[in-house]
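Undergrad: whatever this is, show me its structure:
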Amino acid sequence: MGGAVNTKIKFPFRTVSGGVVAMFLAFGVGRFAYTPLLPLMQEQAGLGLDMAGYLASMMYLGYLTGSIIVTKTLPRFGAIRILRFGLILLALGTWSMSAGDLFLYWAVVMFGVGVSSAAIFLAALSLVLGVFLEYGAVWLIAFLYSGIGAAIVLIGFSVPKIGLAIGWQGAWTFVALTAVMGGSLCLMLLSPCRRRYEKVSSDETAWAATAAKSAAFYLITAYFLHGFAYTIGGTFMVAMLANFSGIQGHAQMGWILVGAMVIPSCVIWPLIASRAGEIKTTAFLLALLAVSNIIVVCWQTPVGVLIAAGVFGSSFLVIPGLVLGSLGRLAGSRKDEVSGFATIMFGIAMVLGPSVGGLIAKLTGSFDWSLIMACVALFLASGIALMAERATKRRRTEIVS
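TA: Residues are numbered from 1 along each chain as shown. Sure, this is the predicted structure:
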């Protein structure tokens, strides 16, 4: 279950707002801005489909590298310094994408954008998770992901129009300006969290329980499979929709629908998880995400693919928040270490997903086999998440005894 809310503490509005902005920047700008920009770069800059997948993998490799570095350096430098570094690097990286047109240059820049995404995410998570544990509502982590949906909608609407008017370079410049303005707001909102975070004490005994470690292992495994599977759809969604007859001119609307569905899903599902339990809800959402892939493969009509986009958007970004919230509660005082390791594993999965998916799509001339592979991984992840739920029940028994 989600744990009892501490009614003696006021609802952390400022922390929630700062976390939403951090997610807007770390993922909505740092990761998903590339998705609506991809067709523009293919058309105007001659970027091939396989090269597009490799660029996405370079970004995810940067995310993985950043996750490893931040996990090791967070205790030494502090969350606020790392957050500031990540925000500056994001603004510079997105602006730099507009300043060159060579693949190797883009690859280096996208690597840096990935590093910035990891730095912003892990630093913000370190700040807000302590506050949410103190408040007794770790499911609020999933609520923060609504910021990513807002970014997808904003950038999804703006980028195609800007790209048609002044080119893909101008679109990247718009993304960079968004990063600068959002970064200033993020620092203003999250800076006070540092003092509250340092005061929070956690229970080490709970993590010592064998069942707690087993539950964490299962959750991280499911999280890895989710990262591998969802990045295929997340990277190539617009390109996939553009290949389907009847909606070639409206492919961006499918991606905007994804973002629009993210916003309410990151409010509704966390509230359900607070009653039904984070891990059970995670298992259900992983299966639901697998269904979205089945719909795309089996119902390739405008109605079918738009329904699939809606199902995808209503599930894929809630899962990381619920998983990391559950890991934070399981790990107690070691929450930063365990969350960092989970993020590293997620980063490895995201490096593999777009490269493998893009390569299979190129070899077969279709995204169908890539989506089927993702579907199998997601159903497997759902089953593993249910194993984590059983382990948490054993954990409660160990603590009582």
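
Undergrad: how about the strands in this protein?
TA: Under the criterion DSSP state E, the chain carries no strands.

Undergrad: confidence score at the nearest residue to residue 316 once chain neighbours are set aside?
TA: Among residues not flanking residue 316 along the chain, residue 230 sits closest, at 4.7 Å (C-beta to C-beta, 6 or more residues apart in numbering). Where C-beta positions appear, they are placed from N, C-alpha and C, glycine not excepted. You'll see residue 230 listed with a pLDDT of 84.

Undergrad: contact partners for residue 230?
TA: Residue 230 makes contact with 289, 316, 319, 353, 374, 378, according to C-beta atoms under 8 Å, 6 or more residues apart in numbering.

Undergrad: what's the neighbour count on the fifth one?
TA: Read that as residue 374. 27 (other C-beta atoms under 10 Å).

Undergrad: one more: the third one?
TA: A total of 28 residues lie near residue 319 under the criterion other C-beta under 10 Å.

Undergrad: mind checking how far it is from residue 224?
TA: Counting by C-beta to C-beta, to the nearest Å, the gap from residue 319 to residue 224 is 12 Å.

Undergrad: also the first one?
TA: Taken as C-beta to C-beta, the spacing of residue 289 relative to residue 224 amounts to 14 Å.

Undergrad: so if I had to pick from those two, which one is more boxed in?
TA: Set residue 289 next to residue 224 and count neighbours by other C-beta under 10 Å: residue 289 wins out with 26 against 22.

Undergrad: distance of residue 325 relative to residue 18?
TA: Relative to residue 18, residue 325 is positioned 17 Å away (C-beta to C-beta).

Undergrad: okay, these two: which has more neighbours?
TA: Between residue 325 and residue 18, residue 325 has the larger neighbour count (other C-beta under 10 Å), namely 31 against 27.

Undergrad: since we're on the residue nearest to that one when sequence neighbours are not counted, how many residues are nearby?
TA: Leaving out its chain neighbours, the residue that sits closest to residue 325 by C-beta to C-beta, 6+ apart is residue 138, at 3.6 Å. For residue 138, the count of nearby residues is 26 (other C-beta under 10 Å).

Undergrad: point out where the chain drops to low pLDDT.
TA: Applying pLDDT under 70 to the chain picks out residues 1-9, 49, 194-210, 234-255, 300, 333, 394-401.

Undergrad: at 50 instead, please
TA: Along the chain, the model assigns pLDDT under 50 to residues 1, 195-203, 205, 399-401.

Undergrad: longest helix anywhere in it?
TA: Taking DSSP state H as the criterion, the chain has its longest helix at helix 146-190.

Undergrad: helices or strands next to that helix in the packing?
TA: helix 13-23, helix 34-45, helix 79-96, helix 103-135, helix 251-276 (3 or more C-beta pairs under 8 Å, 6 or more residues apart in numbering; DSSP states H and E).

Undergrad: and it with helix 103-135, angle?
TA: Here helix 146-190 runs at an angle of 70 degrees relative to helix 103-135 (axes from the mean of the first three to the mean of the last three C-alpha atoms, to 10 degrees).

Undergrad: give me the angle between helix 146-190 and helix 13-23.
TA: 120 degrees.

Undergrad: gap between helix 146-190 and the chain center?
TA: 17 Å (C-alpha atoms, centre = their mean, to the nearest Å).

Undergrad: nearest to residue 382, of the helices and strands packed on helix 146-190?
TA: Distance to residue 382, taken as C-beta to C-beta, is lowest for helix 251-276 among the helices and strands packed on helix 146-190, at 14.8 Å.

Undergrad: and the closest one, what does it pack against?
TA: Checking 3+ C-beta pairs under 8 Å, 6+ apart, helix 251-276 ends up next to helix 34-45, helix 140-144, helix 146-190, helix 210-243, helix 278-298, helix 302-313, helix 318-331.

Undergrad: quick check: which of those is nearest to residue 72?
TA: Taking C-beta to C-beta, helix 318-331 is the member of those nearest to residue 72, at 17.0 Å.

Undergrad: neighbours of residue 171, how many?
TA: The number of residues packed near residue 171 is 27, by other C-beta under 10 Å.

Undergrad: now it: how far from residue 115?
TA: For residue 171, the distance to residue 115 (C-beta to C-beta) stands at 22 Å.

Undergrad: now residue 47
TA: The spacing between residue 47 and residue 115, counted by C-beta to C-beta, is 22 Å.

Undergrad: between those two, which is the more surrounded one?
TA: Per other C-beta under 10 Å, whichever of residue 47 and residue 115 has more neighbours is residue 115, with 26 against 21.

Undergrad: quick one: the more buried one and residue 62 touch, right?
TA: Yes: between residue 115 and residue 62 there is a contact at 4.5 Å, judged by C-beta atoms under 8 Å.

Undergrad: ok so, going back, save the contacts of residue 230 as a markdown table, and put in distance to residue 27 too.
TA: As requested, the contacts of residue 230 are exported to a markdown table (distance: C-beta to C-beta, whole Å):
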| residue | distance to residue 27 |
| --- | --- |
| 289 | 16 |
| 316 | 11 |
| 319 | 13 |
| 353 | 15 |
| 374 | 19 |
| 378 | 19 |
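
Undergrad: and the two most separated of those?
TA: The widest separation within the contacts of residue 230 (C-beta to C-beta) is 14.4 Å, between 319 and 353.

Undergrad: burial measure for residue 11, as a count.
TA: By other C-beta under 10 Å, the residues close to residue 11 number 12.

Undergrad: chain neighbours aside, what residue packs nearest to it?
TA: Distances taken as C-beta to C-beta, 6+ apart place residue 135 nearest to residue 11, at 7.3 Å, with adjacent residues excluded.
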